[in-house]
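> Okay, sequence plus prediction incoming.
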Amino acid sequence: MSLVNRREFLGMTMAGLWLGSGKAWPDPSPPSEGRFNVLHIMADDLCSRLGCYGDPIVKTPNLDRLAESGVRFEQAYCQFPLCNPSRASFMTGLRPDTIRVYENRVHFRENAPDAVTIPQTFQKAGYSAARVGKIYHYGVPSQIGTSGLDDPVSWEMIVNPRGRDVDDIGMVEVLQLGPDGKAMTVTGKGLKDTGGTLSWLAAEGGDNEQTDGKGAAEAARLLEIRANESKPFYLAVGFYRPHTPFVAPKSYFSLYPREKIDVPAIPPNLKDLFPAMALARQKEAEVAMDDSLRRHAIQAYYASTTFMDAQVGHLLDALERTGLAEKTIVVFHSDHGYHLGEKNLWQKMSIFEESARVPMIIRVPHNRANGQVCRRPVELVSLHKTLADLCGIAPDPKAEGHSLRPLVENPQAPWKHAAFSQVTRTAETPSGPNRRKTAREIMGRSVRTERWRYTEWDGGRLGRELYDHAGDPAEMKNLADDPKHRKIAEKMSAILHAVGR
């Protein structure tokens, strides 16, 4: 069995080559005894519409069984609801403002060259570190099968799966605005540069032909290899679904008859209920969809979710089959949440609950709290400290956030921390002697406690929001300017401005 040394690895990584097939994990140093392995599983653009989160329709039997054997976090939040900023943040343990990554083009090392990632922390502690699929940012679908914005020094081994979903891209139904102002879908339009557009395909063939099916199979093979070796490992497996285009084999679409899918109700005075910046990511074609198209899009998202869940099942089965389940921590989460029509919003880039909240499950072998639910507000940026703490190794001293180990071991433990999310907007404001409107980038910042969400746009100059989740879980009644809630708004504002202190 051949090995890949670091120089060879870096060269092939930069060339975008797939290093998985036929390669063993590098094992140049003596094994460490008595440490947990880590299987870190990520979904792409997954909201909390899952069976284990109480959704009555979406079928996720494998995540449900993971939740039954681990700790499910009811209120987990990303720090930035967009792929690259979120992934850069939680993989480094640094907040978006620290690494200054706010969009999908910049690599975090351009601004934070000395950042230490989760896999680097584990390598320093004597672990092997490998990834399969999307961990850092990749354009979907254009960069599937490449290394995208990967971080080569994070890994000793990589696998870049590529399936028929890439080749079938011309068959995808793509949403667009028709000449009559109504939404429609067009088949045959390539998605190389429009992966952010709602689109879907009920695909021919089986799971094993899709990118995520190939990734799951390769990850399972790597677990089988590790079962016969004593060195602890950190294995990150990133699935591309349910990110648009929502592609899954036809059998998954049949699980969700469109006539049984509900669509969100949109109040006629929607724009009067929220600051303009809160709804600024509405897109014309998405707003123009009729209920039939909305149901079609939601059906495809559900199908892709269940397909992704099936691939998680292959990994859980591999852990059981190899005997690794008893000595491997499993953490599952998404990079951010996802809107499915609420407030006429679709996809991400809002700091409402649907977009900022993520599903997250952590299973530690023999943990007495397994099977319980934690309702404390927690952040993805805390994963770096958490995984290091659970494995008894030192996190990078610069890592931000707070170790969740106390909550993993006791989900009802006292917790004084809030969760912070942020997002950028382009605002037009008058400036200069002629008061001409100029575009400038502004920030929306939000803080979530167990009961409240509070948001400020441009420091409050372009609007504020306050929602009481005790009676308004859909965040439809903004209480920020309600005199009865002035004191709680002031308190939440103080918490928001204390982030990182």
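Ah, there it is. Every value quoted in this text rests on a predicted model; they were computed, and no experiment measured them.
> Now do the helices in the stretch 151-300 of the chain.
164-167, 211-226, 250-253, 270-273, 284-287, 291-322 (DSSP state H, counting those that start in this stretch).
> Same list (these) but as a markdown table, adding distance to Lys487 and mean pLDDT.
Using the backbone N, CA and C atoms, a C-beta is placed for each residue, glycine as well. Putting these into a markdown table (distance: least, C-beta to C-beta, whole Å; pLDDT from 0 to 100) gives the following:
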| stretch | distance to Lys487 | mean pLDDT |
| --- | --- | --- |
| helix 164-167 | 52 | 94 |
| helix 211-226 | 48 | 97 |
| helix 250-253 | 49 | 98 |
| helix 270-273 | 23 | 97 |
| helix 284-287 | 37 | 96 |
| helix 291-322 | 40 | 98 |
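> closest one to Tyr102 among those helices?
Tyr102 lies closest to helix 284-287 among these, at 22.7 Å (C-beta to C-beta).
> Give me the buried stretch members for the closest one, please.
285-287 (16 or more other C-beta atoms under 10 Å).
> What segments of the stretch 301-450 of the chain are strands?
328-334, 339-340, 346-347, 357-363, 373-374, 378-379, 419-431, 436-448 (DSSP state E, counting those that start in this stretch).
> Check the stretch 1-150 of the chain too.
Using DSSP E, counting those that start in this stretch, strands in the stretch 1-150 of the chain cover 37-44, 71-77, 128-133.
> Quick one: residues in contact with the longest one.
Contact with strand 37-44 is made by 83, 118, 122, 127, 134-135, 140, 223, 226, 232-243, 308, 312, 315, 319, 324, 327-335, 359, 387, 391, as judged by C-beta atoms under 8 Å, 6 or more residues apart in numbering.
> Tyr146 and Asp165: what is the separation?
Let me fix one detail, which is that residue 146 is Thr and not Tyr. 14 Å (C-beta to C-beta, to the nearest Å).
> The two: who's more crowded?
Asp165 (26 against 16; other C-beta atoms under 10 Å).
> show me what contacts that one?
141, 144, 201, 203, 210-211, 240, 245, 247.
> Hmm, Leu316 is touching Asp64, no?
No: if you go by C-beta atoms under 8 Å, Leu316 and Asp64 don't touch, sitting 11.0 Å apart.
> of those two, who's got more company?
Leu316 (21 against 16).
> Compute the number of surrounding residues for Asp262.
11.
> circling back: JSON lines for the contacts of Asp165, including distance to Glu110?
Shown next, in JSON lines, are the contacts of Asp165 (distance: C-beta to C-beta, whole Å):
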{"residue": "Pro141", "distance to Glu110": "25"}
{"residue": "Ile144", "distance to Glu110": "23"}
{"residue": "Leu201", "distance to Glu110": "35"}
{"residue": "Ala203", "distance to Glu110": "37"}
{"residue": "Gln210", "distance to Glu110": "33"}
{"residue": "Thr211", "distance to Glu110": "28"}
{"residue": "Tyr240", "distance to Glu110": "25"}
{"residue": "Pro245", "distance to Glu110": "29"}
{"residue": "Val247", "distance to Glu110": "32"}
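> Return the set of buried residues in stretch 267-283.
So for stretch 267-283, counting by 16+ other C-beta under 10 Å, buried means 274-275, 277-283.
> rewinding a little: compare the contacts of Asp165 and tell me which has the most neighbours.
Neighbour max across these (other C-beta under 10 Å) = Val247, 31 neighbours.
> Provide a list of residues in contact with that one.
Contact analysis of Val247 by C-beta under 8 Å, 6+ apart lists 165, 168, 172, 200-201, 203, 210, 241, 304.
> what does Thr424 give?
Applying C-beta under 8 Å, 6+ apart, the residues near Thr424 are 102-103, 441-444.
> could you redo the last one with a cut-off of 7 Å?
By C-beta atoms under 7 Å, 6 or more residues apart in numbering, Thr424 lies in contact with 102, 441, 443.
> Just the buried ones from the residues you listed?
102, 443.
> Give me the lowest-pLDDT entry from the contacts of Thr424.
Ranked by pLDDT, the contacts of Thr424 bottom out at Glu441 (93).
> ok, back up a step: possible to save the buried residues of helix 284-287 as TSV with distance to His469?
Conversion of the buried residues of helix 284-287 to TSV gives the following (distance: C-beta to C-beta, whole Å):
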residue	distance to His469
Ala285	31
Glu286	26
Val287	26
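> ok, those residues vs Tyr256, which is closest?
Nearest to Tyr256 among the buried residues of helix 284-287, with distances taken as C-beta to C-beta, is Glu286, at 19.7 Å.
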